[in-house]
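Engineer: Sharing a sequence plus its predicted fold:
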Amino acid sequence: MCRIHLTAVLACAAMMAQAIIIDHTAVDSLDNYGQTTMNIVGQQRWLFTHASVGGNMCDGVNDLRSQNPTRYKWIVNDLSPQGSGNTLSAPTPPVTNSGRIYGVGRGNPGWLQKYRCLSNSVIVAGWYYPAVDLVLDKLCYIDQDANPMVYVNLMALLSAQYPSTIFVYATIPLTTAEDSDNRKRNNYNNAVRAWSATNDAVLFDIADIEAHDTNNILQFFIYNGVTNQKMWAPYSNDGGHLNTLGRQRVAKGWYAVGAAVAIPESGTWFGLALLLHAVWQRRSYRRDGI
């Protein structure tokens, strides 16, 4: 039996780690992944804290599964949050199963409390490996005044504290508007992109997917002389939430994130390092009787 030493795995990860950016280019590329890759992705377990657009994304995951359950295996398990205000959190993890997205609709209590909900969910409630493999938190388009540095610092802290868990960064969703609020969303997203690119993060660029049509043509507007992304109007029925077309495009991007961190076929050695680390951790837990 092959034995993997933790020190070697971490050294491998340190040498090979690179930023993983999943944007509009990854959506159509998902069709190129073989069924072996999709089977591995289909075993992942996610915590996803969100509000209404996140609910749209979960609906998109359900759509894909209903169309092709062999290829798209994820099942969404909706959980209710607990607490309120500064104690808002996902509930204590149940016995988790492979191929599940544990979606917690924590609503819109304000962007800072959303970050606190994420922190509480991981540190207090226990949503980290071995309960789940990946954690994703997403702000809503109404959070245009959020501070991106607060976000990336929190994510970096959680990643350092729970190195066996993959914390996936996300951009803030856009609207179809050409206004100052959408400009603020672009500012936030640009800051998160820049930080992710230079700090070897895994970024789910939801906004970039929303801002490209099905022919991958960018939708943009000029505000005070600056080019900004905006949502392609056919992805939404109200200018902000995702309709069937939009939610399925973003859901495919979500699967592309899973593929990018799953195995080397995704085109990144970082995926291999993470996979080896996960294998070592699973053997360690079995060895220690946990």
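Structural biologist: Perfect, I can see it now.
Engineer: Can you show me the helices along the chain?
Structural biologist: Secondary structure of the chain (DSSP state H): helices at 6-16, 25-29, 35-41, 52-67, 111-119, 148-161, 180-198, 206-210, 244-260, 269-288.
Engineer: okay, and for this structure, where does confidence drop off?
Structural biologist: Within the chain, the ranges that satisfy pLDDT under 70 run 1-17, 263-290.
Engineer: Can you give the distance from stretch 60-77 to the centre of its chain?
Structural biologist: Computed by CA atoms, centre = their mean, to the nearest Å, the separation of stretch 60-77 from the middle of its chain amounts to 17 Å.
Engineer: Need the contact partners of that stretch.
Structural biologist: Residues lying outside stretch 60-77 but in contact with it, judged by CB atoms under 8 Å, 6 or more residues apart in numbering, are 35, 38-39, 41-44, 46, 58, 99-103, 242, 244, 246-252, 254-255. The way it works is simple: take the backbone N, C-alpha and C, and place the C-beta from them, glycine included.
Engineer: Can you select the buried ones from the residues you listed in PyMOL?
Structural biologist: Command for PyMOL that selects the buried part of the contacts of stretch 60-77, burial taken from 16 or more other CB atoms under 10 Å:
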select buried, resi 38+41+42+44+46+58+100+101+102+103+242+246+247+248+249+250+251+252+254+255
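Engineer: picking up where we left off before, turn the helices of the chain into JSON lines, columns for distance to P91.
Structural biologist: Formatted as JSON lines, the entries for those read as follows, by distance: least, CB to CB, whole Å:
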{"stretch": "helix 6-16", "distance to P91": "31"}
{"stretch": "helix 25-29", "distance to P91": "32"}
{"stretch": "helix 35-41", "distance to P91": "25"}
{"stretch": "helix 52-67", "distance to P91": "17"}
{"stretch": "helix 111-119", "distance to P91": "12"}
{"stretch": "helix 148-161", "distance to P91": "18"}
{"stretch": "helix 180-198", "distance to P91": "28"}
{"stretch": "helix 206-210", "distance to P91": "25"}
{"stretch": "helix 244-260", "distance to P91": "22"}
{"stretch": "helix 269-288", "distance to P91": "22"}
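Engineer: Select, out of these, the one closest to S89.
Structural biologist: helix 111-119 (5.9 Å; CB to CB).
Engineer: Output the closest one as PDB, nothing but the C-alphas.
Structural biologist: Backbone C-alpha positions of helix 111-119 (Å, rounded to 0.1, in the frame of the first residue of the first chain) are rendered in PDB as follows:
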ATOM      1  CA  TRP A 111     -22.400  42.200   4.600                       C
ATOM      2  CA  LEU A 112     -20.400  42.300   7.900                       C
ATOM      3  CA  GLN A 113     -22.800  39.900   9.600                       C
ATOM      4  CA  LYS A 114     -22.600  37.600   6.600                       C
ATOM      5  CA  TYR A 115     -18.900  37.400   7.100                       C
ATOM      6  CA  ARG A 116     -19.500  36.700  10.800                       C
ATOM      7  CA  CYS A 117     -21.900  34.000   9.800                       C
ATOM      8  CA  LEU A 118     -19.200  32.300   7.700                       C
ATOM      9  CA  SER A 119     -16.700  32.600  10.600                       C
END
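Engineer: Output the contacting helices and strands for it.
Structural biologist: Other helices and strands packing on helix 111-119, by 3 or more CB pairs under 8 Å, 6 or more residues apart in numbering; DSSP states H and E, are strand 45-50, strand 134-137, helix 148-161.
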